[in-house]
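Peer 1: with the sequence up front, the predicted model follows.
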Amino acid sequence: MSHRELELKFSLPLSLQDKLDDGAANTWDRERVWSCYYDTPDGELTRARMAVRVRRHGERWLQTVKAEGGGQFERFEWEQAIDGPGPQRDALPPADTELGAIAHRSFGLWRPLFETDFERRSRAIEPSPGLVIEIAQDIGELRCGDRTEAIREVELECLRGGRAEFFEWALDWAKTLQACLLIPTKNERGLRLAARLPLVASPLKAPATVPARGQRPGAAAAQILAACIAHACANIEPILSSDVPEGPHQFRVALRRFRASLRFFGLREIDPVWETLDRTASSLADAAGKVRDFDVFESGLLPELRSRFKGDAALETLSRAISHARESARMDLRRTLSGPDATQFVLQVAAMAERLADDDNPAGLPGVDFGAFAAVRLPALMARVRRRARGARSEADWHRTRIAIKNLRYALEFSALAVSRSADVPRLTAALARWQDELGAGQDLAVARDVATQAMARPGVPSEAAVRATALIDAWRVFSAPRTVGRQRIARRSLSLMNELSGALSASKAALHSDEQTSSQAASSTQTPASPASAGLTPQADASVSGPSDPPGAVQ
């Protein structure tokens, strides 16, 4: 029948297998598992992000339809016993459901696509009352024609219990065993083996994540944070398996959005664990940023310089040094992402987000709806942008302004359904993106010198080549400095739209106050509903996003 499967996969090196078997070698149930996965010749199921398999467990046959379940580690599963090795229509989901309609329509076109054949060693444990987890080791292979790929993975599946408790236990388990998450599923790996997906995973952009106006702030925060981490996880495999520059870029974007959401909801001030996770996200983003900086320099400024100064020996030396430095930074990033620290970061965020979603009124997050929450948080973020823009004198000042613009833009994207309908949020978001890009052009030039200096400091690079290359970059920075007039025009446009949004938000807050006064008059004299000020919603009460100065640890 149908259920939602909550499952984590980890790679299974021999060292982890030995730890799992130590003292428990005879407690595992052993079973040979063979599965055949199906799709239509034109890949209809793959396009619908569905998987259909027929699996043999001992003497039993099971037919399973799987689809994405709304979370990074969650999938919808419809499973029925069947009486043989071929797919059966009467074991499909009901035809009046979305998945059932696709499955029934395409059923007659299904063809075997690939197989999995592995030994499963499994056992169920109950680490705490009400929490039941199955641990399964799968060792075997994927097969598609004469092509094969090894399977060595361990799965943790939550059979019963709370989601937060499951992630918290999995985090402790992963810490103890130094286990590392395995992101691609057997189906995804099989589709690549069968050439139904690109051999190398493609980088993915951030999906739209817009909580509804009436959601609680805690639930909205949990939704956004989970989406940010899912975006980061989706770009780990592209980084590990390819040199495509977009992978590190999107991974860094995901972490920036994650950190911006922590600031937007003020979570670092609520729980020190969020502050620790913020620092970890910053460190991971910096590792990806090093690769990104080399990629941008190699595809941007370096070709311009080489075309202007053809055959210059110093620039040729710089080109080779950049290539070596970039590959070194990429290998460092890959080691980080394939190691246990990145796994523990993902699992801890997942556990903390589930706690936020479960709590009706997380400490520090007022019990109002997300619309009222955003109506007060957004003005504080806009005030920071104005303050930094007014005080900007140097490139460093403008870089800080750009960070504030970026945080505001992400907050607006998160709040698109929560703010007043009279506010033209898409137009303001687009203007902020242009302003951010304009400031980014200057920042890229500033970073270029650091990138070149770092690359040319490697052993074996002649000092005279380093001096000349750096001088050429400095001259180019002066020649290509952003036009002040253009920057000012974009800034005025953005600030004007921010003023319009401020007016719409003020109207929303006035309506909120009016509703509260009406409720107060109707209530008994001993019951006074909380106002935005008493709930900690005023900009002055929010030290994380407003105030005379910015707190340390600004999102970079």
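Peer 2: The structure has been received and is ready for your questions.
Peer 1: from here on, just use CA atoms for contacts and neighbour counts.
Peer 2: Will do.
Peer 1: show me where the protein dips below the pLDDT cut-off.
Peer 2: Residue ranges of the chain with pLDDT under 70: 1, 23-25, 360-367, 420-423, 442, 480-487, 507-556.
Peer 1: so which residues of it form strands?
Peer 2: Along the chain, counting by DSSP state E, strands occupy 2-11, 29-39, 50-57, 60-71, 74-82, 111-128, 131-144, 147-160.
Peer 1: quick one: closest of those strands to A227.
Peer 2: strand 60-71 (7.9 Å; Cα to Cα).
Peer 1: distance from that closest one to the middle of the chain?
Peer 2: 24 Å (Cα atoms, centre = their mean, to the nearest Å).
Peer 1: now, of the strands of the chain, which is deepest in the fold?
Peer 2: With neighbours taken as mean count of other Cα atoms under 10 Å, the strands of the chain reach their highest mean count in strand 50-57, at a mean of 22.
Peer 1: quick one: that one to strand 111-128, angle?
Peer 2: Strand 50-57 and strand 111-128 meet at an angle of 70 degrees, taking axes from the mean of the first three to the mean of the last three Cα atoms, to 10 degrees as the criterion.
Peer 1: which secondary structure elements does strand 50-57 contact?
Peer 2: Other helices and strands packing on strand 50-57, by 3 or more Cα pairs under 8 Å, 6 or more residues apart in numbering; DSSP states H and E, are strand 29-39, strand 60-71.
Peer 1: hmm, back to that, out of the strands of the chain, flag the one nearest A504.
Peer 2: strand 60-71 (32.5 Å).
Peer 1: what's that closest one packed up against?
Peer 2: strand 50-57, strand 74-82, helix 217-234.
Peer 1: now these in CSV, with distance to Y38?
Peer 2: Converted to CSV, these look like this (distance: least, Cα to Cα, whole Å):
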stretch, distance to Y38
strand 50-57, 6
strand 74-82, 15
helix 217-234, 24
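Peer 1: of all these, which one is nearest E5?
Peer 2: That would be strand 74-82 among those, by Cα to Cα, at 5.1 Å.
Peer 1: in contact with R32, which residues?
Peer 2: 57-58, 117-120 (Cα atoms under 8 Å, 6 or more residues apart in numbering).
Peer 1: quickly name whichever of those is closest to T97.
Peer 2: H57 (27.6 Å).
Peer 1: where do the helices sit along the stretch 301-450 of the chain?
Peer 2: 301-308, 313-337, 340-358, 370-391, 395-414, 425-456 (DSSP state H, counting those that start in this stretch).
Peer 1: I'd like those helices as TSV, with mean neighbour count and distance to A491 appended.
Peer 2: Supplementary listing: the helices of the stretch 301-450 of the chain in TSV, determined by neighbours: other Cα atoms under 10 Å; distance: least, Cα to Cα, whole Å:
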stretch	mean neighbour count	distance to A491
helix 301-308	14	25
helix 313-337	18	34
helix 340-358	20	35
helix 370-391	21	8
helix 395-414	21	10
helix 425-456	19	6
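Peer 1: who wins for proximity to G140 among these?
Peer 2: Of all those, helix 340-358 comes closest under Cα to Cα, at 23.7 Å.
Peer 1: distance between the closest one and the chain's centre?
Peer 2: Between the centre of helix 340-358 and the centre of its chain there are 12 Å (Cα atoms, centre = their mean).
Peer 1: which strands and helices lie in contact with that helix?
Peer 2: Against helix 340-358 (3+ Cα pairs under 8 Å, 6+ apart) you get helix 163-177, helix 217-234, helix 272-299.
Peer 1: who wins for proximity to P211 among the strands of the chain?
Peer 2: strand 60-71 (13.7 Å).
Peer 1: just checking: what are the partner strands of that closest one?
Peer 2: strand 50-57 (antiparallel), strand 74-82 (antiparallel) (DSSP bridges).
Peer 1: that older thread, closest one to V451 among the helices and strands packed on strand 50-57?
Peer 2: Going by Cα to Cα, the one of these nearest V451 is strand 60-71, 37.5 Å.
Peer 1: the inter-axis angle of that closest one versus strand 29-39?
Peer 2: Using the same axes, to 10 degrees: strand 60-71 against strand 29-39 is 70 degrees.
Peer 1: and the angle from strand 60-71 to helix 217-234?
Peer 2: 120 degrees.
Peer 1: residues in contact with strand 60-71: which ones?
Peer 2: Where contact means Cα under 8 Å, 6+ apart, the residues beyond strand 60-71 that reach it are 4-5, 49-56, 74-85, 87-88, 91-93, 226-227, 230.
Peer 1: now the end-to-end length of stretch 206-213.
Peer 2: 21 Å (Cα to Cα, to the nearest Å).
Peer 1: and of the strands of the chain, who's closest to F414?
Peer 2: Of the strands of the chain, nearest to F414 by Cα to Cα is strand 60-71, at 17.4 Å.
Peer 1: rewinding a little: now distance to G391 too, for the helices and strands packed on strand 50-57, in a markdown table please.
Peer 2: Shown next, in a markdown table, are those (distance: least, Cα to Cα, whole Å):
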| stretch | distance to G391 |
| --- | --- |
| strand 29-39 | 60 |
| strand 60-71 | 42 |
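Peer 1: so which of those is nearest D424?
Peer 2: Across the helices and strands packed on strand 50-57, closest to D424 is strand 60-71 (Cα to Cα), at 28.9 Å.
Peer 1: angle of that closest one against strand 2-11?
Peer 2: 90 degrees.
Peer 1: out of the helices and strands packed on strand 50-57, which comes closest to S338?
Peer 2: Using Cα to Cα, those put strand 60-71 closest to S338, at 21.1 Å.
Peer 1: if I pick the nearest residue to D138 once chain neighbours are set aside, what's in contact with it?
Peer 2: Nearest residue to D138 in three dimensions, chain neighbours excluded: R120, at 4.7 Å (Cα to Cα, 6 or more residues apart in numbering). Neighbour list for R120: 29-33, 136-139 [criterion: Cα under 8 Å, 6+ apart].
Peer 1: can we see that at 6 Å?
Peer 2: The contact partners of R120, by Cα atoms under 6 Å, 6 or more residues apart in numbering, come to 30-31, 137-138.
Peer 1: separation between A342 and G503?
Peer 2: Distance from A342 to G503, by Cα to Cα: 42 Å.
Peer 1: also S242?
Peer 2: On the measure of Cα to Cα, S242 and G503 end up 47 Å apart.
Peer 1: what's the burial count for the nearest residue to F251 once chain neighbours are set aside?
Peer 2: Excluding the flanking residues, the one nearest F251 by Cα to Cα, 6+ apart is A232, at 4.9 Å. As a burial measure, A232 scores 26 neighbours (other Cα atoms under 10 Å).
Peer 1: do the one 10 residues further on as well
Peer 2: Neighbours of S242 under the rule other Cα under 10 Å: 14.
Peer 1: next, it: phi, psi?
Peer 2: Dihedral pair for S242: phi -150, psi 170, per degrees, to the nearest 10.
Peer 1: give me the phi and psi for the closest residue to it other than its chain neighbours.
Peer 2: Take S242 and drop its neighbours on the chain: the residue closest to it by Cα to Cα, 6+ apart is V200, 6.6 Å away. When quoted as degrees, to the nearest 10, the phi and psi of V200 stand at phi -110, psi 130.
Peer 1: from L171, how far off is A164?
Peer 2: From A164 to L171 the distance is 11 Å (Cα to Cα).
Peer 1: more neighbours: those two, which one.
Peer 2: More neighbours surround L171 than the other of A164 and L171, with 22 against 19 (other Cα under 10 Å).
Peer 1: now do the same contact list for that one.
Peer 2: L171 neighbours (Cα under 6 Å, 6+ apart): L347.
Peer 1: and it, how far from E157?
Peer 2: Taken as Cα to Cα, the span from L171 to E157 is 13 Å.
Peer 1: and if you look at P87?
Peer 2: Taken as Cα to Cα, the span from P87 to E157 is 25 Å.
Peer 1: S506 too?
Peer 2: 47 Å.
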